[in-house]
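>>> One predicted model, sequence on top.
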Amino acid sequence: MELTTMKTRTEKTSFTQLRGLKLAALALGSSLVLAGCAGNPPTEQYAVTQSAVNSAVSAGGTEFAAVEMKAAQDKLKQAEIAMHDKKYDEAKRLAEQAEWDARVAERKAQAAKAEKAVQDANQGVQDLREEGMRSVQ
């Protein structure tokens, strides 16, 4: 018995067309996902930024890091306006910048307070030394 092989002809164009169709579907799906993300207001980021600004104010940022606090508050206000205008990408970017400005202000305020505490402690030590020297004489 003789085996014969069946010769089938597959067209390369159908494979190429199928591959192109898959790529087109992938591109379309990706763009829809990205468009969906761009259409949502960045409310979570906005809330995080408000919290960071409030924390910086509580830490003394307005006193010890006035420039950074002003920048944070201005950017937060701009983000609020961008959200109102439904410019969500811009709003998110501004809110993120405001958050980091607020965090810098908070850290600067904490560092300034720590520096003041060190100065007060050093002054207290100096006062004690002087008082000790007076009582010895």
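Nice, I can see it.
>>> Wait, S55 touches E106, no?
Yes. Because the distance of 5.7 Å satisfies C-beta atoms under 8 Å, S55 is recorded as touching E106. (Glycine included, C-beta is placed from N, CA and C.)
>>> Have a look at these two and say which one is more surrounded.
Legend: neighbour count by other C-beta atoms under 10 Å for S55 and E106, higher for E106 (25 against 15).
>>> show me what contacts that one?
Shown in contact with E106 (C-beta atoms under 8 Å, 6 or more residues apart in numbering): A52, S55, A56, A59, G61, A65.
>>> where does this structure have low pLDDT?
1-38, 137 (pLDDT under 70).
>>> Can you tell me, leaving aside adjacent residues, what's nearest to the residue nearest the centre of it?
Per C-alpha atoms, centre = their mean, the C-alpha nearest to the average position across the chain is that of E96, at 3.9 Å. Spatial nearest neighbour of E96, chain neighbours left out: Q45 (6.3 Å); criterion: C-beta to C-beta, 6 or more residues apart in numbering.
>>> cool, A112 as well?
F64 (4.0 Å).
>>> rewinding a little: check which helix or strand the residue nearest to E96 maps to.
Using DSSP states H and E, Q45 maps to helix 43-58.
>>> Contacts only, for the residue nearest to A112.
A105, K108, A109, A112, K113.
>>> measure the first one to Q119 for me?
Yep, that's A105 we're talking about. 21 Å (C-beta to C-beta, to the nearest Å).
>>> okay, those two: which has more neighbours?
Using other C-beta under 10 Å, the more surrounded residue of A105 and Q119 is A105, with 29 against 10.
>>> what about stretch 77-91, start to end distance?
10 Å (C-alpha to C-alpha, to the nearest Å).
>>> what about the closest residue to L94 other than its chain neighbours, neighbour count?
Once flanking residues are discounted, L94 sits nearest to A79: 3.8 Å by C-beta to C-beta, 6+ apart. A79: 27 surrounding residues under other C-beta under 10 Å.
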